[in-house]
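Peer 1: Predicted model, plus sequence, below.
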Amino acid sequence: MTGYFKYCLGRISIILCLVGLNGCNLAEGYGESVDLRKATSGKVAIRDIYERIEIVPLDNAPEGLSRETSLSGLCVTGDRFILQDRDRAVLFYRHDGSLANVLNPGVPVTDFSIWQERVLDMLSGYEIREYALPDLSLLRRTQLDTLVVPTRIGRREKNVMILPAYAGNRDYMCEYYFDRKYYAASEGNMDSGQTPDIVKHMSLFRYGDQLLALYPHNGQIWRSAEFFGVFLWLDFKQRDGDTVEFLSAQVTDDKVYYALLIDGAEHLLIYNRADEKYSLIKTTSESVSLPLGVIRDGINYVCCATADLPRYLKRELLDPQNASVFDNAISAGQYVVIKYHFRKDNQ
């Protein structure tokens, strides 16, 4: 398999170059300028974006996980919040915050993703594990070639898995074809000593049926199809010496949302897909930051440790019921899921 992997790597690299270059010219927002030097503070209120906010406290993790629990990687399905606890387990919460199930595979969890709310795909080192939902029965284990180091996992379609990876100081976008049992990689062009960190911090996310990839160093969003092509290519302007890192992105029919750090400070960038206007928000008029989680059905879902809650919310922004939940969650030191409901005219 190793020899064939190398052959596919070289062959697909050449094709990707040709298709990618053509794809750039067809990308949405290609070349549009976004000025990261013009962040606003205090000019936008939370109510300008969201009509209401709910807080869902999450049950503490079970015995053996609770002392050092650090939840990340939120996925939202129709009836579950799914989160990763460090590299040890995947936790399933009902939408009322009660713990429904724990998947503790006994191996380090590198990353996971959900496919059509039917399958949980888990990456553990050089192995893919597939679990049926909701019963978490193990469907299949697939061992990968070790020529590159995979860091993320996302299923493009039923028989094709996408795995960003690196080897040395090169980045790769790998594809595993289950029906043909072969592994192919397209080589990137970053050629940087920081490439392993770039790939580790890359995020895969969905917009409808499309699997998208966000590059953290330049904010470009690529679409996974038969070949990778650019989905959104913006020209981000910044000051000399500024350090910019794109943390995550979400796409709706009307807008693209970016969470990013500029010199270590959190910002939210909202890009309007129709008129190509944008706003870059550092803090709101209430002096809070605007986090970005998973956008689904008009709600921005954000998982948050209670220690971070005051950065994103103030008690006076909540109705009495959620203000009480806010107080109790901080007192108990629980993780919470914040549900930011978009205004109907601002989704």
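Peer 2: Alright, I've got the coordinates. Numbers count the residues shown, from 1 in each chain.

Peer 1: Please make it C-alpha for all contacts and neighbour counts, starting now.
Peer 2: Noted.

Peer 1: burial measure for residue 97, as a count.
Peer 2: Residue 97 has 19 neighbours, counted by other CA atoms under 10 Å.

Peer 1: Now it. Nearest residue, chain neighbours left out?
Peer 2: Among residues not flanking residue 97 along the chain, residue 58 sits closest, at 4.3 Å (CA to CA, 6 or more residues apart in numbering).

Peer 1: The one you found: how many residues sit nearby?
Peer 2: Residue 58 has 20 neighbours, counted by other CA under 10 Å.

Peer 1: wait, it sits on residue 338?
Peer 2: No - using CA atoms under 8 Å, residue 58 is not in contact with residue 338, being 10.6 Å away.

Peer 1: quick one on the thing from earlier: OK, contacts around the residue nearest to residue 97?
Peer 2: Residues near residue 58 by CA atoms under 8 Å, 6 or more residues apart in numbering: 93, 96-99, 334-337.

Peer 1: Looking at these, which has the smallest pLDDT value?
Peer 2: The pLDDT minimum for these sits at residue 334, where the score is 84.

Peer 1: Is that one in contact with residue 308, as I believe?
Peer 2: No - if you go by CA under 8 Å, residue 334 and residue 308 don't touch, sitting 11.0 Å apart.

Peer 1: Which one's more surrounded, the two?
Peer 2: For residue 334 and residue 308, the more surrounded residue by other CA under 10 Å is residue 334, and the numbers stand at 19 against 11.

Peer 1: Excluding covalently adjacent residues, which one is nearest to the more buried one?
Peer 2: Leaving aside its chain neighbours, residue 334 sits nearest to residue 306 (6.0 Å; criterion: CA to CA, 6+ apart).

Peer 1: Kindly report the same for residue 222.
Peer 2: residue 230 (4.3 Å).

Peer 1: how many other residues sit next to that neighbour?
Peer 2: Neighbours around residue 230, by other CA under 10 Å: 23.

Peer 1: so it is in which element?
Peer 2: Element membership for residue 230, per DSSP states H and E: strand 229-237.

Peer 1: any idea of the mean pLDDT in that strand?
Peer 2: Regarding strand 229-237, the rounded mean pLDDT is 91.

Peer 1: what comes up buried for it?
Peer 2: With burial defined by 16 or more other CA atoms under 10 Å, the residues of strand 229-237 counted as buried are 229-236.

Peer 1: As JSON lines, those residues with distance to residue 321 would be great.
Peer 2: Shown next, in JSON lines, are those (distance: CA to CA, whole Å):
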{"residue": "229", "distance to residue 321": "46"}
{"residue": "230", "distance to residue 321": "44"}
{"residue": "231", "distance to residue 321": "41"}
{"residue": "232", "distance to residue 321": "40"}
{"residue": "233", "distance to residue 321": "42"}
{"residue": "234", "distance to residue 321": "42"}
{"residue": "235", "distance to residue 321": "44"}
{"residue": "236", "distance to residue 321": "41"}
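
Peer 1: show me where pLDDT drops low in the stretch 51-200 of the chain?
Peer 2: The stretch 51-200 of the chain contains residues with pLDDT under 70 at 61-70, 187-194.

Peer 1: can you map out the helices along the chain?
Peer 2: Secondary structure of the chain, counting by DSSP state H: helices at 2-26, 46-49, 195-200, 309-312, 320-332.

Peer 1: weakest of these in terms of mean pLDDT?
Peer 2: Sorting the helices of the chain by mean pLDDT places helix 2-26 lowest, at a mean of 42.

Peer 1: Sweet, I'm off.
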